[in-house]
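Participant: what's the 3D shape of this:
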Amino acid sequence: MLDLTKLSSIGEALREALETYPRELALIESDRGQEKARLTYRDFKRAALPLAKAMQELGVVAGTHVAIIMTNQSKWLISAYALFYCGAVMVPLDFKLTPAEQRQLLQHSDAEVLITEYAIWRQLSAASQRSDATKLKTVLVTEAPAITDLWGALRWEEAKGTGPGAPMFVPRKREDLASIIYSSGTGGNPKGCMLTHGNYLEQCAALTEWYPFWPGVRYLSILPTNHSIDFMVGFFGPFVCGAAVVHLRTLRPEFVREAFVKYQITYVTLVPLVLKNLQKGLQARIDELPPKKRRAFEALRKINMALTEDRPRVGLSRLLLKQVHAAFGGKLEAIIVGGAFTEPETLQFFYDLGIPVVNAYGLTEGGTGVTVNDLKPFRADTVGKPLPGIEVAIQNPDEDGIGQVVVRGKTVMSGYLNDPELTEQTIVDGWLLTGDMGRFDGKGHLQLFGRKKNMVVTEEGKNVYAEDVEHAFEGLAVKEFCVMAANYVWPSRSMVGEKLLLVIHLEPGQEFTEVLLGEIVKRNNSLVNYKRVHGLVVCGEDFPLTASMKVKRNVLAERLGKLDREKSIQSI
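Facilitator: Next up, the predicted model:
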C-alpha cells in the first residue's frame, strides 16, 4: 500500500494510487445482477479528470464546498476524487433524507456546488419552489433523461471541460478542511463535523496497520458512501491499497447474496441490523436441515470452535463448513461491523461458523474508528482495543471502573461547523467527550455500558439526538414538552434497545385525553421510523428552565429518574 506518512491530502493519496495501480481493478458497479461498470484505476482516472477540469471551469477552487447526494455507485467516487483534485471540501449528504432536510444541510454547509442524481434533484427542486436560502451556484445531475427540464442543472455526463490542457491539481495541507460530515441534526441544530485531510490520512494508516488490503481484495460496499465508515473502508482505504470496490445499486437480499458469490467478496462492512438479519437467515437454513445432516453440521461446528478458540483460521473453517462459506463466495476474510453496538451473541454466532466479525467502535467526531477487535484473540464481549495512535481513557470512573469514554489523537475532528460553543463542550483540553460510558478490562479491551448524552443510536447506525425530534411536536396542545432518551433518564448500562420518550407537562386543570394521545401518535408517525418516540411520560410539575427559557435537560432527567420507570412510561 501507499506510504501515507509522506502524503498531505486525500487528493494526493488518491492521485498516487491511480498512478501506482493503473492495471488493477478499482470499481465494479452492478444493478439487479447486471454489471453496469468495471473500471481499472486507469479507467477511473480517465473518467475523473475531465470532470475535475469542468469543475474548475465552473469556478470550483481550493476550499469550495461541494455536496454529494447520491446512492452507492461509481459516479459517487469519481465525483469525490474530482472535487479533491480541485482542492474542494466534500459535503456528503444522506440520499435517504427528505428534500427539506437535505435543503437544510445544503444551507448550513454553505455548499456552492451539488452533485446528485436526477430523481433526487427533481424532488429537491420541487421542494424548494425555486426559492431557498442555499448558496448553490452549480448543480451537476447524473442519469437525466435526454429531453427533460433540469431546472437549471447541468448534465454530469457532459461535464468534461472545454478549455485546452488537463485540470490543475490543487495541493492541500494536512490541517486543511477535507470534509463536513453531518452526524445528526436534521430538524434541529445541524452538527457538521469538520474533518481535515490529516484526520483521514491518520485514520487510514491506523486501520490498515491492523487490517491491510491489497490488490485482488474485493470490498462489497453496502453502507451508504456518505457514511463516514463506508467512505473510509469502502473507498479511501481500498484505493490506497490497490483493492477493488463493488457497488450494488440495489440492496435487495437476493442480489446481495449473489454478489458475494459472483464477485468473491473479501471484506464487507455491515451495521448490526443487517448482521442480525443475516444471522436469522443462516439459522433458519440450519434449522431446516434433516436431523442427520443437522447433527453432522453441529459436530463440524464444534470442531471448528475448538480449533479457532485462540485465533481465526479461516482457511480451515472453509474446509470444515464448506457450504456456509460457499454461500459467502468462498473468499470472505471477515465481516466488519460498526455504526452501532452489536450484541455479543450475534458476533459469536458468526465466529463459530468460521467467519470472523471485526467489531469496532467509533464516531464521526473521532474520525470513524476508535477501537477495533484485533482478533488476537476474538472477543465478542468488547469493542476491541484502541487503534494505533489513538488514546482512549475513562473519565471519572465509578467503583466499577465505568466512566465516560474520551478520545484524543490526530483523527479527532477540528470541531463542529459554525458552532464554537458546542465544539468547546465536546472537545475539552484536547479530549473528545464521546458521551458513551465504558471501562477497560484487564487485557486492554474496551467494554461499553450505555450513554451519558441525550441520544440513541439505532441498529442501522443512525445517531438520533432527542432535541432534533422535537420539531415534530411543535404546537402540541400542552403547556410544555421535550424529548428525552430513556437511558439518559434511567441509566441501564445497556447499549441495546435504546428508546426515545416524549415528556409532556399539561396546562393547569388540563386532562390527558384520547384526542391528545391521537394527535401525539399522528405527529409521531410523521417521523421516519428510526426517529419515532416509543413512550410517553406525563410530568406533574413545571420543567426547570434556563434564563433563556430553554429546558435544563440534565435537571429534568434527574427529577424524572426518581420516578418508577415501568409505571411512568406509557407506550405509544
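
Participant: which secondary structure element contains Y182?
Facilitator: Assigned by DSSP states H and E, Y182 belongs to strand 177-184.

Participant: contact partners of that strand?
Facilitator: Contact partners of strand 177-184, identified using C-beta atoms under 8 Å, 6 or more residues apart in numbering, comprise 9-10, 63, 65, 84, 89-94, 105, 109, 172, 190-197, 199-200, 226, 228, 363-365, 414, 417, 455, 463-465, 468. The C-beta positions use only the backbone N, C-alpha and C, and glycine is treated the same way.

Participant: again, but for stretch 410-417
Facilitator: For stretch 410-417, using C-beta under 8 Å, 6+ apart, the contacting residues are 108-109, 177, 180, 190-196, 198-199, 202-203, 206, 364-370, 389-390, 422-423, 426-427, 432.

Participant: what's the average pLDDT for the strand holding Y182?
Facilitator: What strand 177-184 shows for mean pLDDT is 91.

Participant: same check, this time on stretch 209-227
Facilitator: Rounded mean pLDDT across stretch 209-227 is 95.

Participant: Extract the C-alpha trace of that stretch and format it as CSV.
Facilitator: The C-alpha coordinates for stretch 209-227 follow below in CSV (Å, rounded to 0.1, in the frame of the first residue of the first chain):
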residue,chain,number,x,y,z
GLU,A,209,-1.8,-1.3,10.0
TRP,A,210,-4.1,-3.9,11.6
TYR,A,211,-6.2,-4.8,8.6
PRO,A,212,-4.3,-4.1,5.3
PHE,A,213,-5.9,-4.5,1.9
TRP,A,214,-4.0,-5.4,-1.2
PRO,A,215,-4.6,-5.7,-5.0
GLY,A,216,-7.0,-8.6,-5.5
VAL,A,217,-9.1,-7.8,-2.4
ARG,A,218,-12.8,-7.1,-3.3
TYR,A,219,-14.7,-5.0,-0.8
LEU,A,220,-18.5,-5.0,-1.0
SER,A,221,-19.9,-1.6,-0.4
ILE,A,222,-23.3,-1.9,1.3
LEU,A,223,-23.4,1.1,3.7
PRO,A,224,-24.1,4.5,2.0
THR,A,225,-20.9,6.1,0.9
ASN,A,226,-21.9,9.3,2.6
HIS,A,227,-21.5,7.4,5.9
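
Participant: buried sites along that stretch?
Facilitator: In terms of neighbour count (16 or more other C-beta atoms under 10 Å), stretch 209-227 has its buried residues at 210-211, 213, 215, 217-227.

Participant: Quickly list the domain ranges of this structure.
Facilitator: 4-262, 463-571 (automatic domain parsing).

Participant: can you tell which of those is closest to F349?
Facilitator: domain 463-571 (15.5 Å; C-beta to C-beta).

Participant: residue ranges for the helices of the stretch 401-550 of the chain, please.
Facilitator: Assigned by DSSP state H, counting those that start in this stretch, the stretch 401-550 of the chain shows helices spanning 420-426, 486-489, 514-525.

Participant: cool, the stretch 1-150 of the chain as well?
Facilitator: Under DSSP H, counting those that start in this stretch, the stretch 1-150 of the chain gives helices at 10-20, 41-57, 74-85, 99-109, 118-128.

Participant: Out of those, which is closest to L27?
Facilitator: helix 74-85 (5.0 Å).
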